[in-house]
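K.L.:
After the sequence you'll find the predicted model.
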Amino acid sequence: MKLPYKNIYDVLKFNRYVTIIVTVTALLSSVFSGILVFTMYQKALDNAFAINTDGAIIPLKLISQRENLNVEALAHLELFHRNFYGIDASNYESNLEKALWLGNSSVDNVYRQKKADGVYNRLLQYSLMQKIISVNSEVDLEKEPYPFTTVTIFEINRGTTVDRYELTTTGNLVPVDRNYPTNTHGLLISNYFEKSLKKIDNRN
């Protein structure tokens, strides 16, 4: 017994439904894949990766850019002031060279003025030692270049006597390209100025 032929219109209608279902399924699959990829990309932006000694990849959560900048700015200022003012007859040349890499011509002008005033000659002549006690800086990161104020406490050892001083300096920090190892923080001191210097009681 022969089976009756199906109505051609019913067959076309069925095929149409199948085509629509397949198309919608493919579209939903593409949208879901796109959302998944975008979510993974967003998560990747907030993470850094390091490779440990055995080759394993370790995700590291990044701190916010502002917090990182604040840490680097304070570290840059401390490094500069310790090198520029923490000097003695044996290290002043190397320390000053390191410090000059961290600032622009305004820092160089202060250095040249000190040299002209005989500061470094007296350092050599009397074997003076300048020891940094503390470096405390405040930086305003709300506007660029970033203004700062630093208070540095240091001692001058003259052999028989030790005098303590408080130096207040001001200036701006300008973002620049990092330069290893001379300027690892990618910041440059500009408009540098020694605002005040006063002798304090070294018993404090």
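P.N.:
That came in fine, so what should we check first? Numbering: from 1, shown residues only.

K.L.:
okay, CA-based contacts and neighbour counts for the rest of this
P.N.:
Fine.

K.L.:
V151 versus R82, what's the distance?
P.N.:
12 Å (Cα to Cα, to the nearest Å).

K.L.:
so who does the closest residue to G186 other than its chain neighbours touch?
P.N.:
Sequence neighbours aside, R178 is the residue nearest to G186 in space, at 4.0 Å (criterion: Cα to Cα, 6 or more residues apart in numbering). When contacts are counted by Cα atoms under 8 Å, 6 or more residues apart in numbering, R178 touches T184, H185, G186, L187.

K.L.:
same deal with A73?
P.N.:
Counting by Cα under 8 Å, 6+ apart, A73 has contacts V139, L173, H185, L187.

K.L.:
try Y85
P.N.:
Q130, K131, I132, F154 are the contacts of Y85 under Cα under 8 Å, 6+ apart.

K.L.:
Adding distance to Y146, write those out as a markdown table.
P.N.:
Below are the contacts of Y85 laid out as a markdown table (distance: Cα to Cα, whole Å):
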| residue | distance to Y146 |
| --- | --- |
| Q130 | 28 |
| K131 | 28 |
| I132 | 24 |
| F154 | 25 |
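
K.L.:
Among those, which are located in strands?
P.N.:
Q130, K131, I132, F154 (DSSP state E).

K.L.:
Closest one to D108 out of those residues, please.
P.N.:
Q130 (19.5 Å; Cα to Cα).

K.L.:
Around the closest one, how many other residues sit close by?
P.N.:
21 (other Cα atoms under 10 Å).

K.L.:
measure it to F80 for me?
P.N.:
Distance from Q130 to F80, by Cα to Cα: 14 Å.

K.L.:
Show the pLDDT at I63.
P.N.:
At I63, the pLDDT value in this model is 47.

K.L.:
For V24, pull up the helix or strand it's in.
P.N.:
Element membership of V24 [criterion: DSSP states H and E] is helix 8-45.

K.L.:
and that helix, average pLDDT?
P.N.:
For helix 8-45, mean pLDDT rounds to 75.

K.L.:
name the helices or strands packed onto it?
P.N.:
Counting contacts by 3 or more Cα pairs under 8 Å, 6 or more residues apart in numbering; DSSP states H and E, helix 8-45 packs against no other helix or strand.

K.L.:
Could you tell me how far that helix lies from the centre of the chain?
P.N.:
46 Å (Cα atoms, centre = their mean, to the nearest Å).

K.L.:
Phi, psi for F193 please.
P.N.:
phi -150, psi 130 (degrees, to the nearest 10).

K.L.:
From E155, how far off is it?
P.N.:
In terms of Cα to Cα, F193 sits 20 Å off from E155.

K.L.:
who has more neighbours, these two?
P.N.:
E155 (20 against 16).

K.L.:
Can you get me a residue count around the residue lying closest to the more buried one once chain neighbours are set aside?
P.N.:
Of all residues not flanking E155 in the chain, R164 sits nearest, at 4.3 Å (Cα to Cα, 6+ apart). Neighbour count for R164, taken as other Cα under 10 Å: 20.
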